[in-house]
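Asks: Could you work out the structure for the sequence below:
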Amino acid sequence: MPTTADFLPLNGTDYVELWVGNAKQSAHYYKTAFGFQSLAYAGPETGVKDRVSYVLVQNKMRLVLTSPLHSDSPIAEHHRKHGDGVKYLALWVDDAYDAFEQTTKRGGVATVQPKTLTDGKGEVRISGIKTYGEVEHLFIERKNYNGAFMPGFVEWKSTYNPAPTGLLYVDHCVGNVGWNQMNPWVKWYEEVMGFKNILSFDDNDISTEYSALMSKVMSNGNGYVKFPINEPAEGKKKSQVEEYLDFYEGEGVQHIAIATKDIVATVRDLMSRGVDFLKVPSSYYDDLFDRVGAIEEDIEPLKELGILVDRDDEGYLLQLFSKPVEDRPTMFFEIIQRKGAKSFGKGNFKALFEALEREQDARGNL
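Replies: Coordinates of the predicted model:
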């Protein structure tokens, strides 16, 4: 049977942009705590009058932190409503103009008309469409550019450069959407972006005594870009998706999962820099080998750090979730190491949910 051509070929995630209250201080946090490196800067000194952006990099993961310079800015309004949060999930493409045409003709709503940005280092072509909440997908074509980031930015050199922590690239980004909105967004990703639904979890898979959620994992053709989408499900008490929606005041990116080759070393380093992670009870490890079979790692460091393990038909994975990285209980990070597994830790959901519920209860939001 012939395979249909991928009308939206993606090379991976180009960058993730957060709109934050204070980009300068956020940049310091992500350098200090997560080991990101200074890459590029845009602001009044580079001719940008309404905002300041700091670009950080670690291996193939680029993080952009943007703050407004005036209270009447859409960035200020976004931050007033949501707190710090993801605005752009930028995707690396070979042809940003074609990506725009292919997605808008299939129902994508345009947010950035195709345009070409140029400077002495070449050109970057860019376009964009909206997705759930106020999140947008930008299509970034940079094959004819050899500058630090893109036109409008200058190289950012800093004398303060903490060592990296072994973070490699974006593994997946998870979105939280409202009640009964998961399937419409699944359909949107299928029709507009050409993604496939590769995994589904319902409230039988992801539930505890108190709360539940539903989730479907959307993946592009080559698997380089994966967007799980969560919605709340009925439970006795409020699920963490509902808590997120309440405090973010709308739909948005719940967490960014970043890959590492050595999760024990990465997590130990992150913890030493003050990153807080969810903890599961030590009893989680009592029957670990019965659940997941033999693994290469020594169980003691996993137990000490609280790292979770799960297996699928193709291998196993190790993962750990940070606590929210802002005051509102909204966005957090996942650190993930894949040993062949293509899945998302279904076997850990119950333990993870219970850990999240303990945090919710402490905040009085369960």
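Asks: From residue 55, how far out is residue 46?
Replies: Per C-beta to C-beta, to the nearest Å, residue 46 is found 12 Å from residue 55. C-betas here are computed from N, CA, C, even on glycine.
Asks: Mind listing the shared neighbours of those two?
Replies: residue 153 (C-beta atoms under 8 Å, 6 or more residues apart in numbering).
Asks: Same drill for those two, tell me which one is more crowded.
Replies: Between residue 46 and residue 55, counting by other C-beta atoms under 10 Å, residue 55 is the more crowded of the two (25 against 14).
Asks: Does the longest helix along the chain pack against any helices or strands, and if so which?
Replies: Longest helix in the chain, counting residues (DSSP state H): helix 349-363. Helices and strands touching helix 349-363, as assessed by 3 or more C-beta pairs under 8 Å, 6 or more residues apart in numbering; DSSP states H and E, comprise helix 240-248.
Asks: what comes up buried for the helix or strand bottoming out on mean pLDDT in the chain?
Replies: Sorting the helices and strands of the chain by mean pLDDT, DSSP states H and E puts helix 349-363 at the bottom, at a mean of 77. The neighbour-count check on helix 349-363 (16 or more other C-beta atoms under 10 Å) flags 349, 351, 352, 353, 354, 355, 356, 357, 359, 360 as buried.
Asks: chain center to it: distance?
Replies: Centroid separation for helix 349-363 versus its chain: 20 Å, with C-alpha atoms, centre = their mean, to the nearest Å.
Asks: for the stretch 251-366 of the chain, which spans come out with low pLDDT?
Replies: Applying pLDDT under 70 to the stretch 251-366 of the chain flags the ranges 353.
Asks: Show me the helices in the chain, by range?
Replies: According to DSSP H, the helices that the chain contains are 23-34, 74-82, 96-104, 182-193, 240-248, 263-272, 288-292, 299-305, 349-363.
Asks: So, low pLDDT: which residues of the stretch 51-200 of the chain?
Replies: Within the stretch 51-200 of the chain, no stretch falls below the threshold (pLDDT under 70).
Asks: now do 90
Replies: Within the stretch 51-200 of the chain, the ranges that satisfy pLDDT under 90 run 199-200.
Asks: which residues touch residue 172?
Replies: By C-beta under 8 Å, 6+ apart, residue 172 lies in contact with 217, 226, 227, 228, 257, 344.
Asks: Check the burial of residue 224 by counting its neighbours.
Replies: Using other C-beta under 10 Å, residue 224 is surrounded by 16 other residues.
Asks: Which of the contacts of residue 172 fall in strands?
Replies: Judged by DSSP state E, the contacts of residue 172 include 217, 226, 227, 228, 257 as members of strands.
Asks: so residue 222 touches residue 194, yeah?
Replies: No: contact between residue 222 and residue 194 fails when scored by C-beta atoms under 8 Å: they sit 11.3 Å apart.
Asks: if I look at the two, which residues touch both of them?
Replies: Listed as contacting both residue 222 and residue 194 by C-beta under 8 Å, 6+ apart are residue 6.
Asks: Looking at those two, which is more packed in?
Replies: residue 194 (19 against 11).
Asks: end-to-end on stretch 307-324?
Replies: Terminal residues of stretch 307-324 lie 17 Å apart, using C-alpha to C-alpha, to the nearest Å.
Asks: my bad, should have said stretch 67-85
Replies: Using C-alpha to C-alpha, the gap from the first to the last residue of stretch 67-85 comes to 11 Å.
Asks: what ranges do the strands span in the stretch 101-250 of the chain?
Replies: For the stretch 101-250 of the chain, the strands defined by DSSP state E, counting those that start in this stretch cover 110-119, 122-130, 136-141, 154-155, 167-176, 196-201, 212-219, 226-233.
Asks: Give me the contacts around the shortest one.
Replies: Contacts of strand 154-155 from elsewhere in the structure, counted by C-beta under 8 Å, 6+ apart, are 39, 40, 41, 42, 45, 46, 147, 148.
Asks: shouldn't the first one be in contact with residue 149?
Replies: Right, residue 39. Yes: Residue 39 lies in contact with residue 149 (C-beta under 8 Å); the separation is 6.0 Å.
Asks: what do the two both touch?
Replies: 55, 62.
Asks: is the residue nearest the centre of the chain in a bridge, and if so with what?
Replies: The centre of the chain sits closest to residue 256, judged by C-alpha atoms, centre = their mean, with a distance of 2.3 Å. Beta-bridge partners for residue 256, by DSSP bridges, are residue 173, residue 333.
Asks: of the ones in strands among the contacts of residue 172, closest to residue 135?
Replies: residue 227 (10.0 Å; C-beta to C-beta).
Asks: Next up, the contacts around the residue nearest to the centre of the chain.
Replies: With C-beta under 8 Å, 6+ apart, residue 256 has these contacts: 16, 86, 170, 173, 174, 331, 333, 334.
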